[in-house]
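1. for reference, the sequence and a predicted model appear below.
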Amino acid sequence: MRKAEEIRRAPIGIFDSGVGGISVVKALKRELPGEDLIFFGDSKNAPYGEKSVEEIRALSERSYQFLRGQRVKAVVIACNTATSAAAELLREENPGEIIVGMEPALKPAIENAGRERPEILVLATSSTLGGERFHKLAARLGMGARVHSLPAPEIVRMVEAGREDSDEMRSYLRELLRPYRRMADGTIRCPLDGLVLGCTHFPFAKRAIREVLSYPVPIYDGAEGTARETKHRLLQKALLSDRKSGGCVRLYSSLPDTELEERLLNKES
Ligand code: DGL
């Protein structure tokens, strides 16, 4: 048995299908500046979004075990797709362990829209949008809104390739967001009251998304909420570090280097 003091000093583990989870690492750094963080990105097997639930579960179990091997005190699944497919299974297999998952930030998007039946677009992976978890969430909250959803696998591929700010990204987004963006003649077929980024890779394409939409749309992602939830869960078990600052981040990838992770971690968002 590890002593409570030793566990308090242990790092928090975070995993994703690839580099997207770095958006959650950034939020965790802001929320919990005294904690050490260990990130594992499975870029070799990304994208997960079009794999079967069984494959995503097997890969998520491997990432989870890797982090446990690093003696982490909690695991954050910094991936909506892996949460949807594997969070329940991981919790069943590891009772008593802190496992924090993510879901598309539909609730704040609807609550903050400030009008009846707002038009909300959720961008996520096919796997997340097709999963039971999202269907339940949309059914629970969807009464108050018109929820549109679109899979956007190419954003994941381009972020993994380090092309989050490229012309290729903009031209993909122009096609994808055609009904929702302001066209050259000034018209918008379906003006949005909120856009939910339901995949942790997507915040890295935020600048390109804003540019393509060409009118102010509030954009939501789950990173801050996940960081707050992690803090809350650690606090509940009295496992927060005593340190108030100075936490470090260690990066691991299933690919040979972590250059892209480092660049995205240091990029201003
Ligand atoms: N970053 C992941 C998510 O939050 C999935 C990306 C992928 O591998 O398809 O859903």
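-> Noted; the coordinates are in hand.
2. for G13, which three-state class applies?
-> Here G13 takes the strand state, with states given by DSSP: H, G, I helix; E, B strand; the rest coil.
3. ok, it - contacts?
-> Contact analysis of G13 by CB atoms under 8 Å, 6 or more residues apart in numbering lists 38-40, 67-68, 70, 72, 74-76. Any C-beta I mention is one placed from the backbone N, CA and C, and that applies to glycine too.
4. for the most far-flung residue of the chain relative to its centre, phi and psi?
-> Residue farthest from the centre of the chain, counting by CA atoms, centre = their mean, is D185 at 34.4 Å. Phi and psi for D185, reported as degrees, to the nearest 10, are phi -80, psi 10.
5. residue numbers of the chain in contact with the ligand?
-> For the chain, the residues in contact with the ligand (CB under 6 Å from any ligand atom) are 16-18, 20, 46-49, 79-81, 125, 128, 156, 199-201.
6. out of these, which are inside strands?
-> D16 (DSSP state E).
7. okay, and which of the residues of the chain next to the ligand map to helices?
-> Cross-referencing the residues of the chain next to the ligand against helices under DSSP state H gives 80-81, 128, 156.
8. report how many residues lie close to the nearest residue to P33 once chain neighbours are set aside.
-> Among residues not flanking P33 along the chain, S245 sits closest, at 4.7 Å (CB to CB, 6 or more residues apart in numbering). Number of residues near S245 (other CB atoms under 10 Å) recorded here: 8.
9. hmm, which helix or strand of this protein has the shakiest average pLDDT?
-> Lowest by mean pLDDT, DSSP states H and E among the helices and strands of the chain is helix 4-9, with a mean of 89.
10. now that one: buried residues?
-> Of the residues in helix 4-9, 7-9 count as buried by neighbour count, 16 or more other CB atoms under 10 Å.
11. so which of the ones in helices among the residues of the chain next to the ligand wins on neighbours?
-> Busiest of these [other CB under 10 Å] is N80, holding 35 neighbours.
12. need the pLDDT of the residue farthest from the centre of the chain.
-> D185 carries a pLDDT value of 97.
13. how about low-confidence regions in this protein?
-> 1, 269 (pLDDT under 70).
14. between the longest helix along it and strand 12-16, how many degrees?
-> Across the chain, the helix with the greatest residue count (assigned by DSSP H) is helix 53-69. If you take axes from the mean of the first three to the mean of the last three CA atoms, to 10 degrees, helix 53-69 sits at 150 degrees to strand 12-16.
15. and helix 53-69, what other elements does it pack with?
-> strand 12-16, strand 37-41, strand 74-77, helix 80-93 (3 or more CB pairs under 8 Å, 6 or more residues apart in numbering; DSSP states H and E).
16. can I get the least confident helix or strand of the chain in CSV, CA atoms only?
-> Provided in CSV are the C-alpha atoms of helix 4-9 (Å, rounded to 0.1, in the frame of the first residue of the first chain):
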residue,chain,number,x,y,z
ALA,A,4,-1.4,8.9,1.2
GLU,A,5,1.4,11.4,1.2
GLU,A,6,3.2,9.5,-1.5
ILE,A,7,0.0,9.2,-3.6
ARG,A,8,-0.6,13.0,-3.3
ARG,A,9,2.8,13.6,-4.8
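17. that concludes my questions; thank you for your assistance.
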